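Colleague: Here is a sequence together with a model predicted from it:
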Amino acid sequence: MGQEKIFRFAIMGAGGIAEKFCDAVNRLENTEVIAVASKSLERASRFAKKNNVAQAYDSYEEMLKDADPDGVYIATTPNYHFELTMLCLDYKKPVLCEKAMMVNGEEARLVFQRSKELGVFVMEGMWSRFLPHNKIAKQWLDEGKIGNVELAEINIGFQAGNDPKNRFNNPDLAGGAATDITVYCFELMTYFLDRPVKDIHTYMNQSETGVDKTEQISILYDNCIANMHASIAAKLNDEAVFYGTEGKIVVPLVHYGQECSLYRDREEPVHFTDQTENGFIYEIQEMVDCVKRGEVESKVTPHEMTIRCATMFDQLMGRKG
């Protein structure tokens, strides 16, 4: 048998999250980053030099044509995600797009319809669904370790500051709590509690710049209520808690942490801790494996996950989805 072919990534965007992606790719076998593009050639070149990437471009399309990658990671702000994903599909390049992948339901439906028509893999980078501690917590839930889940909570929040130009507060960059952290709350809750949804209620307060700053999402399931709170104006406790008829499961730092705990009535607690150094490795390996199998979506982060979340954004913002 010959040596396995190296999967060659190109990156759109040259910020901090793209650096984390490069580090993760370097930790995996048979993967490499061969090119990076930014609107600024100087920025792309600086990124390439720092992260040992061979080619730098100031044109996303030129990079697709010249570098001819096996897959593309989109690491820009969410306002560019639809345009760049569609550009990648024009060149039939598989896509891993940073969350929140799409800012409204129409964009999400158009992207995934085109993905299926062309037979090209597309996936939102909801890396937290792949983290070992979340997989263990979901396993406990699926096995009924705490009986019937009656109430579930996910709370994520931090203080983004008041600078109207930063990406959190800038509506031109699709800023706000929804695209930055509510996406984690919703896409993790629907991962942990993968069951039919009866109803969804949303509440939101806006900042002075017009972005959503604090919000609550409530999902009504059969025999269970799930509440999510997200804020870029206040620090929350950044954890998930599932309360059942026979105990509870606690997941600290649910979207990026490394541990979870199971508390059952009249039993000693069970604690799980993981030592992963860069959690992006799991979503990257998922994309590579799916592309090599000829699939157009991931079973862990399917197209429907992104469509449901983007449609929830429409409800949250009072838009017609």
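Modeller: Nice, I can see it.

Colleague: ok, now how distant is the residue nearest to the spatial centre of the chain from Gly105?
Modeller: Taking Cα atoms, centre = their mean, the centroid of the chain lies closest to Met126, which sits 2.3 Å from it. Per Cβ to Cβ, to the nearest Å, Met126 is found 17 Å from Gly105. All C-beta spots, glycine's among them, are computed from the backbone N, C-alpha and C.

Colleague: Send over stretch 157-177 as CSV, restricted to the C-alpha atoms.
Modeller: Listed next in CSV are the C-alpha coordinates belonging to stretch 157-177 (Å, rounded to 0.1, in the frame of the first residue of the first chain):
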residue,chain,number,x,y,z
GLY,A,157,-21.2,35.2,28.7
PHE,A,158,-18.4,37.7,28.9
GLN,A,159,-17.9,41.4,28.8
ALA,A,160,-16.8,42.5,25.3
GLY,A,161,-16.3,46.1,26.2
ASN,A,162,-17.8,49.2,24.7
ASP,A,163,-15.6,49.8,21.6
PRO,A,164,-18.2,50.2,18.8
LYS,A,165,-15.6,49.1,16.2
ASN,A,166,-14.6,45.7,17.7
ARG,A,167,-16.1,42.6,16.0
PHE,A,168,-18.5,41.9,18.9
ASN,A,169,-20.2,45.3,18.8
ASN,A,170,-20.0,46.1,15.1
PRO,A,171,-23.2,45.3,13.2
ASP,A,172,-21.4,45.5,9.9
LEU,A,173,-19.3,42.5,10.9
ALA,A,174,-22.4,40.6,12.0
GLY,A,175,-21.4,41.2,15.6
GLY,A,176,-23.5,40.4,18.7
ALA,A,177,-24.0,37.6,21.1
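
Colleague: Can you point out the buried residues in it?
Modeller: Residues of stretch 157-177 classed as buried by neighbour count (16 or more other Cβ atoms under 10 Å): Gly157, Phe158, Ala160, Arg167, Phe168, Asn169, Asn170, Leu173, Ala174, Gly175, Gly176, Ala177.

Colleague: With stretch 108-117 instead?
Modeller: In stretch 108-117, counting by 16+ other Cβ under 10 Å, buried: Ala108, Arg109, Val111, Phe112, Ser115.

Colleague: The residue nearest to the centre of the chain touches Lys99, doesn't it?
Modeller: Yes: counting by Cβ atoms under 8 Å, Met126 touches Lys99, with 5.5 Å between them.

Colleague: Could you tell me which residues touch both of these two?
Modeller: Residues touching both Met126 and Lys99 by Cβ atoms under 8 Å, 6 or more residues apart in numbering: Val183, Tyr184, Glu187.

Colleague: Nearest spatial neighbour of the second one, chain-adjacent residues omitted?
Modeller: The shortest distance from Tyr184 to any residue that is not its chain neighbour, by Cβ to Cβ, 6 or more residues apart in numbering, is 4.2 Å, and that residue is His255.
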